[in-house]
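Chemist: coordinates only, sequence not included:
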């Protein structure tokens, strides 16, 4: 599988805890170079943010269906190489300067937080991250100067302009809106969010939300319509809010073949092997469809030669549902023509022109978006 993150997203997934400054008598620490910075960020992403993300958003799939290929962490070496590439790209941009003080603070923060990621005993506050790790490179372009993203001086932003080519990468530097000022069409300064009122007005406000890594969300307060409990069957949690208001996050159960399950996969239990060989068959006798009460029984999916339809998919390890005959047909081999992913199995996917079954990229393959240099904006 291939996992793609923007460099900013990787940075936003990395750091914590402010470090007190040195006294006058304390010798200045050696300067942080790009390799040290890339190493620290890679360690933090692999050891902290990836683990937290997997445990609270996608880890449940591995538990519920061991047959399903679980996303693999990018290797430390992959992360280091691509972060270093991204840092060097910024360093080679004459419109951006490297902030040594922020880089040192960023590395210090990461070194303090890494041991907490090992214990995983409590949520880890990383609110100090933005102040330092997002300030490593500072733009220098003044108001009205041409720019690409991130090239404008502090308290400014690059107002991207539409282009004839459709490549909306360039713009001109403009003054960012400050605390309490109108926003919307104008971006807020770093550390502020644009808040909209019911009347449609918008104002820059202080960010109050605490940035933290979560190792467990069970028991957290949630709302029936919110995402506080993660991504349903991916996270393994749901919001238990009986009256549709507020409630608490509870862990989904895993039902074996023949046991009761919830076909909607939004509460109660889901079937083991739900992604590959089994499904939750609707039990009409015990369901109340008019009142949105759904009860199911875990059962095997149809296999080769069995009947199937859009609502009843085949055993994903051996077959796919051939819609022309409503029958489970054998998975297509590498190089064979295809028109949808399910025809190629879990280890391959449908791609190309004309589309054929091709192998998935190796587990752990990782790339940073925006690895190309910024465009030259004149």
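Modeler: Now that the structure is in, tell me what you want to look at. Note that the coordinates shown come from a computational prediction; the quantities given were computed from them, not determined experimentally.
Chemist: Please count neighbours and contacts with C-alpha atoms only from this point.
Modeler: OK.
Chemist: Poorly predicted segments of the stretch 201-350 of the chain, please.
Modeler: Low-confidence segments of the stretch 201-350 of the chain (pLDDT under 70): 209-210, 231-233.
Chemist: Likewise for the stretch 1-150 of the chain?
Modeler: Confidence mapping of the stretch 1-150 of the chain against pLDDT under 70 gives the ranges 1-30, 55-58, 121-122, 128.
Chemist: how about the strands of it, start to end?
Modeler: Using DSSP state E, counting those that start in this stretch, the strands found in the stretch 1-150 of the chain span residues 3-5, 96-98, 124-125, 137-139, 146-148.
Chemist: right, so those strands: which one is the most enclosed?
Modeler: Most buried of the strands of the stretch 1-150 of the chain by mean neighbour count (mean count of other Cα atoms under 10 Å) is strand 146-148; its value is a mean of 24.
Chemist: tell me which strands and helices that strand is in contact with?
Modeler: If contacts are counted by 3 or more Cα pairs under 8 Å, 6 or more residues apart in numbering; DSSP states H and E, strand 146-148 sits against strand 156-160, strand 170-175.
Chemist: Could you pull up the residues touching residue 65?
Modeler: Applying Cα atoms under 8 Å, 6 or more residues apart in numbering, we find residue 65 in contact with 272-276.
Chemist: want to try a markdown table for these, with secondary structure as columns?
Modeler: Formatted as a markdown table, the contacts of residue 65 follow (DSSP: H, G, I helix; E, B strand; the rest coil):
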| residue | secondary structure |
| --- | --- |
| 272 | coil |
| 273 | coil |
| 274 | coil |
| 275 | coil |
| 276 | coil |
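Chemist: I'd like the strands of the stretch 1-150 of the chain as JSON lines, with distance to residue 169 appended.
Modeler: Shown next, in JSON lines, are the strands of the stretch 1-150 of the chain (distance: least, Cα to Cα, whole Å):
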{"stretch": "strand 3-5", "distance to residue 169": "18"}
{"stretch": "strand 96-98", "distance to residue 169": "16"}
{"stretch": "strand 124-125", "distance to residue 169": "34"}
{"stretch": "strand 137-139", "distance to residue 169": "16"}
{"stretch": "strand 146-148", "distance to residue 169": "6"}
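Chemist: Can you tell me which of those is nearest to residue 131?
Modeler: Residue 131 lies closest to strand 137-139 among the strands of the stretch 1-150 of the chain, at 11.9 Å (Cα to Cα).
Chemist: Determine the longest helix present in the protein.
Modeler: The longest helix of the chain (DSSP state H) is helix 100-119.
Chemist: helices and strands around that helix, which ones?
Modeler: With contacts defined as 3+ Cα pairs under 8 Å, 6+ apart, helix 100-119 has these neighbours: helix 34-44, strand 124-125, helix 129-133.
Chemist: do that again at 7 Å, thanks
Modeler: Applying 3 or more Cα pairs under 7 Å, 6 or more residues apart in numbering; DSSP states H and E, one finds that helix 100-119 contacts helix 34-44, helix 129-133.
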